[in-house]
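In: Starting from these lines, generate the structure:
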Amino acid sequence: QVQLQESGGGLVQAGDSLRLSCRASGRFFSHDYMGWFRQTPGQSQKFVAGINWLSGTKRYATSVEGHCTISVDTATLTVYLQIDSVKPEDAAIYSCAGATSWPELQNGACDIWGQGTQVTVSS
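Out: This next block holds a predicted model:
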């Protein structure tokens, strides 16, 4: 059984940087595409960034380009999301997810999800 566990959320000051982690575990992990999503109250999950484990190819939502960076440690099966110069609008529940293609990932049609980690921004 594959599991995803996020960490790194919490209270952060606007303007600071934040790094979220998502570690995958399980007997077999076959989802080559990993991504981060965020959700605010009353809104649906929105794709933030994604990465292909094998090629390192990355994709970002237009709204976060230059503001967020996704990376991966293949040795530990951990995906990171770095958020620089955090803004109040970055406050959300951030979840990581796995998929088997870019369309699935970017459309949120992922079959594995983490529990999510809350990011709160103080200004």
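In: CA only for contacts and neighbour counts going forward, please
Out: Fine.
In: contact partners of stretch 104-111?
Out: Residues outside stretch 104-111 that contact it (Cα atoms under 8 Å, 6 or more residues apart in numbering) are 33-35, 45-47, 50, 97-99.
In: what two of those have the greatest distance between them?
Out: The largest separation in the contacts of stretch 104-111, counting by Cα to Cα, is between Y33 and Q45 at 17.0 Å.
In: Tell me which of these two has more neighbours.
Out: Neighbour comparison, Y33 and Q45: the larger count goes to Y33, with 25 against 18 (by other Cα atoms under 10 Å).
In: Where does the prediction get shaky in this protein?
Out: 27-29 (pLDDT under 70).
In: show me where it has strands.
Out: Along the chain, counting by DSSP state E, strands occupy 3-7, 10-13, 18-25, 33-39, 46-52, 58-60, 68-73, 78-83, 92-99, 112-113, 117-122.
In: Any chance of these in JSON lines with distance to Q106 as columns?
Out: Listed next are the strands of the chain as JSON lines, based on distance: least, Cα to Cα, whole Å:
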{"stretch": "strand 3-7", "distance to Q106": "18"}
{"stretch": "strand 10-13", "distance to Q106": "25"}
{"stretch": "strand 18-25", "distance to Q106": "17"}
{"stretch": "strand 33-39", "distance to Q106": "8"}
{"stretch": "strand 46-52", "distance to Q106": "6"}
{"stretch": "strand 58-60", "distance to Q106": "9"}
{"stretch": "strand 68-73", "distance to Q106": "14"}
{"stretch": "strand 78-83", "distance to Q106": "16"}
{"stretch": "strand 92-99", "distance to Q106": "9"}
{"stretch": "strand 112-113", "distance to Q106": "14"}
{"stretch": "strand 117-122", "distance to Q106": "20"}
